[in-house]
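**Student:** here is the input, now give the coordinates:
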Amino acid sequence: MGDRWHVEVDRSLCIGSAQCTHLAPAAFRLDSAMQSHPTEAGTDANEKILEAAEGCPVEAIMITLLGGGETVFPPDE
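**Tutor:** Here you go, the predicted structure:
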C-alpha cells in the first residue's frame, strides 16, 4: 500500500496563477475568488500533485503524510 497525503492550499499565499489546475487538473480547482483548493484533502501519493506543488510560484501548496504529519512539500530548508 502506498503513501497517503494531506494536501492543503494556503489561501493567504495563493495568487490564482492556476498552475496547479494545469499540472494536476483532477486534484485542484479554482473558486470564484480565483484561489486554489484541493479537490480532496486526503489523497494517494501522486506525482502530478507533487509537480503542481513544486510549480506553484508562491509555494502555497503544502503536502504532508496522512497520519504522521511528516512534510512532503515544501522541503525543509
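**Student:** which helices and strands does whichever helix in the chain runs longest pack with?
**Tutor:** Counting residues, the longest helix in the chain under DSSP state H turns out to be helix 47-55. Here helix 47-55 touches strand 4-9, helix 19-23, strand 61-65, strand 71-73, going by 3 or more CB pairs under 8 Å, 6 or more residues apart in numbering; DSSP states H and E. All C-beta spots, glycine's among them, are computed from the backbone N, C-alpha and C.
**Student:** figure out which of the ones you listed is closest to residue 40.
**Tutor:** Distance to residue 40, taken as CB to CB, is lowest for strand 4-9 among the helices and strands packed on helix 47-55, at 7.5 Å.
**Student:** how about low-confidence regions in this protein?
**Tutor:** 1, 77 (pLDDT under 70).
**Student:** the spatially most central residue of it - nearest residue in space that isn't next to it in sequence?
**Tutor:** The C-alpha lying nearest the average C-alpha coordinate of the chain belongs to residue 61 (CA atoms, centre = their mean; 4.1 Å). Leaving aside its sequence neighbours, residue 61 sits nearest to residue 53 (CB to CB, 6 or more residues apart in numbering; 3.9 Å).
**Student:** ok, now residue 23?
**Tutor:** residue 52 (4.2 Å).
**Student:** tally of neighbours for the one you found?
**Tutor:** By other CB atoms under 10 Å, 26 other residues sit near residue 52.
**Student:** circling back to that earlier point, want to throw the helices and strands packed on helix 47-55 into CSV with distance to residue 35?
**Tutor:** Listed next are those as CSV, based on distance: least, CB to CB, whole Å:
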stretch, distance to residue 35
strand 4-9, 7
helix 19-23, 11
strand 61-65, 12
strand 71-73, 19
